[in-house]
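>>> One predicted model, sequence on top.
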Amino acid sequence: MKVFQVLRPGFLTTVQDFGRYSYLRYGVPISGAMDTFSLAAANFLIENNLKDAGLEITLIGPELQVLANTQIAITGGTVSLKINGQNFPMWQTLNIEKGDIISFGRMESGCRAYLAIRGGIKTPMVLGSKSTYVRGGFGGIKGRQLKTGDTIEGFSVSSLKVKFKMPQELVPQFTNHFVAHVVSGPQTAMFTENGISTFLSSQYKVTLEADRMGYRLEGPVIEHKAKADIVSDALLPGAIQVPKNGKPIIIMRDAQTTGGYPKIAVTITPDVSVLGQAKPNDIVEFFKIPLKRAHEKLCEYYKLLNNLSEMLVRSK
Amino acid sequence: MKTEQYAFARYMPFGDTALLIEFGNVISPEINRKVIALNEAILKAEIQGVEETVPAYRSLLVRYDLRKINYEQLVCRIKDIESEVKNSNIEVTGRKVTIPVVYGGVYGPDLNNVAKYHGLTEEQVVKLHSSKEYRVYMLGFVAGFPYLGEVVDEIATPRLETPRLKVPAGSVGIAEKQTGIYPCEAPGGWRIIGRTPLRLFNPLQESPALLKPGDVVKFRPIPEEKLKIIERTVASSLEER
């Protein structure tokens, strides 16, 4: 079933789901939605499966012509959303009809918005995921970002009889200031006491070199004890590498799977999702917690994802 | 930090979802053998909650699901497996794979500068590169990229000062003592000495990479005319010796 025709693609719009796991050993990055929580919420708002694929919209949204009557939900960073020129709210079920035009303004807060279609987006599974990995040229729509003229397909599923809305207290609020909880990294011992305290007490600014692969940060130099190279080993999203120049790099979901810089810390999973909303010039601060606490927070996060569909506000 | 193989493997958390096991802090076949032996044993044990493993030069990453196994339980389980592997002395032998390569010319734009760097002829570099067997230490950088080692000192050459924005798929390069093959077009600073027509990565296959850690690779020089023929006929199959 054809759902959308792309009239304008926006800055960087890609198909993403929960990620491509189990292929790291082949050098294939995890990919998937940068703000996983928002994609999950969008899916729940139209009774999709948690891991269904949606559109990840970056900074400047696309313009889409609707080709079928269906339901959508839009979540993530705050963006003004218009259907046929009229404003509509985010974080709730929206009915759309054939002939409608969906358009977006600029992102007002955060960096990425998510558009989920009732039943999910139909693209081929590549290595167990529909996520687009642009650098590798696979997944999503022909392994690339959306272009004008593309057609987005969905599945024919029954339409919802009810509407859902995210309770206001559960809608994440994104500012220009992020606090990332981290645990010690595998090479924390390669940094001086001073270096570690600089890292944990400074504000770092996201530079223009920030994309789905990772964010280079600008700020006080983190001191290594001696060398700043290790024998390359595995990376995961959230890892914070510090190369010789002492400026941290946060590894994100499309990053290469191995790296040769020491990792001073690793961001906890729920906060990797939050960092998915950081954009150039935003400030990031790091707050260290013990692994035990990180695991408690991870359990709370899993519990929230599990219960989220029950917590939505229902209406006719 | 001393450069060595550790007497005991070091276990440490990697964030809230993974365990990292380090066997040393240098590139060596013995250390990498331990990584691969433990990796195989962990996969065979099918531990509930282990999501995936990532073998690297000298370490193994184990990603786990906290809802199924906790960190302490996982460490205990894997320490048991590690001691079993130690006591059994089972050698994991990789496959032997021959990679045909057209050296030099447009396919290997750096063959000449590698030769000059060492005061050798291009033919001598080709001979030195293609007469040794290389171990696949790990895959990384881009999907399917094998890190192979190690080339003889006579041809070990530093990376280009300015990396290329585009290195074609199939390019065979040298970076210090490492040699590797670009599975797809990518930016890169490795010195490119040749090109293989084999396809190293195909995301449409369940096992998407041609090579895996522990395999043993040998390069075989082929004339330019054969490049196109092989490209057409054995696009993604591997040539076993």
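Perfect, thanks for sending it. Numbering: from 1, shown residues only, chains lettered A, B, ... in the order given.

>>> Residue A:81 falls within a strand, correct?
Yes. Residue A:81: assigned to a strand according to DSSP: H, G, I helix; E, B strand; the rest coil.

>>> what residues are up against the nearest residue to it once chain neighbours are set aside?
Leaving aside its sequence neighbours, residue A:81 sits nearest to residue A:88 (CB to CB, 6 or more residues apart in numbering or on different chains; 5.1 Å). Backbone N, C-alpha and C define where each C-beta goes, glycine included. Residue A:88 makes contact with A:81, A:82, A:94 under the criterion CB atoms under 8 Å, 6 or more residues apart in numbering or on different chains.

>>> Looking at those, which is nearest residue A:133?
Among the contacts of residue A:88, residue A:81 lies closest to residue A:133 (CB to CB), at 27.2 Å.

>>> Quick check: can you list the domain ranges of the chain?
In the absence of a named chain, chain A is used. Following automatic domain parsing, one finds the domains of chain A at A:2-167, A:177-304.

>>> hmm, I had chain B in mind actually
B:5-88, B:96-240.

>>> how about CSV for those, with distance to chain A and mean neighbour count added?
Output for the domains of chain B, formatted as CSV (distance: least, CB to the nearest CB, whole Å; neighbours: other CB atoms under 10 Å in any protein chain shown):
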stretch, distance to chain A, mean neighbour count
domain B:5-88, 3, 18
domain B:96-240, 3, 18
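
>>> least reliable of the ones you listed going by mean pLDDT?
Comparing mean pLDDT over the domains of chain B, the weakest stretch is domain B:96-240, at a mean of 90.

>>> hmm, back to that, kindly present the domains of chain A as a markdown table, with separate columns for mean pLDDT and distance to residue B:216.
Converted to a markdown table, these look like this (pLDDT from 0 to 100; distance: least, CB to CB, whole Å):
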| stretch | mean pLDDT | distance to residue B:216 |
| --- | --- | --- |
| domain A:2-167 | 96 | 18 |
| domain A:177-304 | 96 | 20 |
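
>>> could I get the ones you listed as a markdown table with distance to residue B:8?
Below are those laid out as a markdown table (distance: least, CB to CB, whole Å):
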| stretch | distance to residue B:8 |
| --- | --- |
| domain A:2-167 | 24 |
| domain A:177-304 | 16 |
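
>>> Of all those, which one is nearest residue B:53?
Comparing the domains of chain A by CB to CB, domain A:2-167 comes nearest, at 6.5 Å.

>>> what's the offset of that closest one from the middle of its chain?
12 Å (CA atoms, centre = their mean, to the nearest Å).

>>> again with stretch A:280-295
17 Å.

>>> For that stretch, which outside residues touch it?
Contacts of stretch A:280-295 (CB under 8 Å, 6+ apart): A:176-184, A:199-200, A:202-208, A:210, A:215, A:217, A:240, A:250, A:265, A:268, A:275, A:278, A:297, B:13, B:15-16, B:66, B:70-71.

>>> Please work out which residues outside stretch A:159-172 touch it.
Here stretch A:159-172 makes contact (CB under 8 Å, 6+ apart) with A:37-38, A:41, A:44-47, A:69-71, A:73, A:75, A:91-93, A:118, A:274, A:277, A:308, A:311-316.

>>> cutoff 6 Å now
A:45, A:71, A:91, A:92, A:93, A:312, A:313, A:314, A:315 (CB atoms under 6 Å, 6 or more residues apart in numbering or on different chains).

>>> coming back round to it: is it possible to mark the buried ones in the contacts of stretch A:280-295?
Of the members of those, the ones counted as buried by neighbours, 16 or more other CB atoms under 10 Å in any protein chain shown, are A:178, A:180-184, A:199, A:202, A:204, A:206, A:210, A:215, A:217, A:240, A:250, A:265, A:268, A:275, A:278, A:297, B:13, B:15-16, B:66, B:71.

>>> Now do residue A:296 against residue A:303, distance only.
Distance check for residue A:296 against residue A:303: by CB to CB, to the nearest Å, it reads 11 Å.

>>> whoops, residue B:26 was the one
Distance from residue B:26 to residue A:303, by CB to CB: 43 Å.

>>> now residue B:191
52 Å.

>>> cool, residue A:3 as well?
32 Å.

>>> Between those two, which has more neighbouring residues?
For the pair residue A:3 and residue A:303, the greater number of neighbours falls to residue A:3 (24 against 11), based on other CB atoms under 10 Å in any protein chain shown.

>>> from memory the more buried one sits against residue A:68, does it?
Yes. The pair residue A:3 / residue A:68 is scored as a contact, 5.3 Å apart, by CB atoms under 6 Å.

>>> ok, which stretches of the chain are helices?
Reading this off chain A. A:36-44, A:193-201, A:269-275, A:291-311 (DSSP state H).

>>> Sorry, I should have been clearer: chain B.
B:29-45, B:71-88, B:111-118, B:122-130, B:224-233.

>>> Most proximal residue of the stretch 51-200 of chain A with respect to chain B?
Proximity to chain B, evaluated over the stretch 51-200 of chain A using CB to the nearest CB, is greatest for residue A:138 at 4.3 Å.

>>> Alright, calling it a day.
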